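*Asks:* the sequence and its predicted three-dimensional model are supplied below.
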Amino acid sequence: MTAWFSLHRRLLALLLGGVSVCWLATLVWSYADAHHEIDELFDAQLAQAAQALLAQSGRHRAHDNDRHDDVEELEHSAHRYQRALKFQVWHDDGVLVLRSPNAPTTPLAQVDGYSETRGADGHWRFYSQWDQHRRHRVQVAENHEVRDELVGHIAWRLLVPALFGLPLLGVWVWFATRRALAPLDAAAAEIGARAPERLQPVAPESAPEEIRPLLEALNDLFRRVEQTIEGERRFTADAAHELRTPLAAIAAQARVAARARDEAERAHALGQ
């Protein structure tokens, strides 16, 4: 219990605890901010993809049966991020004009703008938009796994410096607190090595400002103890002086009584 009350341990715990909390808060804030920025970036890309498809929508008409083989080949050769995207282009009469290989033949979304769904095929983000003449409607979908994977990479990149930095910071804080408390240890060692009768003041000028009041109070205690001891010495000397004359007389009477030749002479000597 006493060991954990050490000033060095308290400083170490407070500094490391405070730094760790601030670092953790920074990581959480950075993660949330990165997630928000990535969502906005990918949403903008969905909207741009929809605009590009709308620009091409008037030139295509759905012939899925004729293009089935080409579609399958494209799907297997596509990048894995491309397979996480799908799109549809619908005519206002409900005819599917164009679709990606992995898109179904039913509408991806039921509402315009951004929407999301979670199902057996995963978590998908949708964007749906009509052209300015409301003749063609484009629906673009993106698997949310792409965003989550990117955010996970960013979070890991943020976490790795913390995992390596906090132990190094702990060593530095430990060393710094030891150096900062070295004058206090030196003063304690000097006082502990003194002989009991050595009550000279400890020089506070060389000590840090924070422990000078403690050393000044200790010096004041030394002065009061020295004054008390000096007073006791004077009292002892005065008492010895006052007792010296009566004791000398008693000693002389005792010597006379010891040399007495009879009881009467001894009684006379002791009675004086």
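*Replies:* Structure's in. What do you need?
*Asks:* what's the single longest helix in the chain?
*Replies:* Counting residues, the longest helix found in the chain (DSSP state H) is helix 7-56.
*Asks:* leaving out chain neighbours, which residue sits closest to S20?
*Replies:* L166 (6.5 Å; C-beta to C-beta, 6 or more residues apart in numbering). The C-beta positions use only the backbone N, C-alpha and C, and glycine is treated the same way.
*Asks:* quick one: the one you found is in a strand?
*Replies:* No. Secondary structure of L166 (DSSP: H, G, I helix; E, B strand; the rest coil): helix, not part of a strand.
*Asks:* contacting residues around it?
*Replies:* L166 is in contact with 16, 19-20, 23, counting by C-beta atoms under 8 Å, 6 or more residues apart in numbering.
*Asks:* list only buried entries from the residues you listed.
*Replies:* Using 16 or more other C-beta atoms under 10 Å as the burial test, those include W23 as buried.
*Asks:* pipe the contacts of L166 into JSON lines and attach distance to E145 per row.
*Replies:* Putting the contacts of L166 into JSON lines (distance: C-beta to C-beta, whole Å) gives the following:
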{"residue": "L16", "distance to E145": "37"}
{"residue": "V19", "distance to E145": "35"}
{"residue": "S20", "distance to E145": "32"}
{"residue": "W23", "distance to E145": "29"}
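*Asks:* and the contacts of L166, which two are furthest apart?
*Replies:* Comparing all pairs in those by C-beta to C-beta, the longest separation belongs to L16 and W23, at 10.2 Å.
*Asks:* please enumerate the helices of the stretch 151-272 of the chain.
*Replies:* Along the stretch 151-272 of the chain, the segments classed as helices by DSSP state H, counting those that start in this stretch run 182-192, 212-259, 263-271.
*Asks:* shaky segments in the stretch 151-272 of the chain?
*Replies:* 204-207, 238-272 (pLDDT under 70).
*Asks:* picking that back up, kindly reformat the contacts of L166 as TSV containing distance to Q139 and pLDDT.
*Replies:* TSV is the format used below for those (distance: C-beta to C-beta, whole Å; pLDDT from 0 to 100):
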residue	distance to Q139	pLDDT
L16	52	86
V19	49	87
S20	47	87
W23	43	87
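*Asks:* which one among the contacts of L166 gets closest to N219?
*Replies:* Closest approach between the contacts of L166 and N219, by C-beta to C-beta: L16, at 35.1 Å.
*Asks:* tell me the angle the helix or strand where Y127 lies makes with helix 7-56.
*Replies:* Assigned by DSSP states H and E, Y127 falls within strand 122-130. Direction vectors for strand 122-130 and helix 7-56, defined by axes from the mean of the first three to the mean of the last three C-alpha atoms, to 10 degrees, enclose an angle of 40 degrees.
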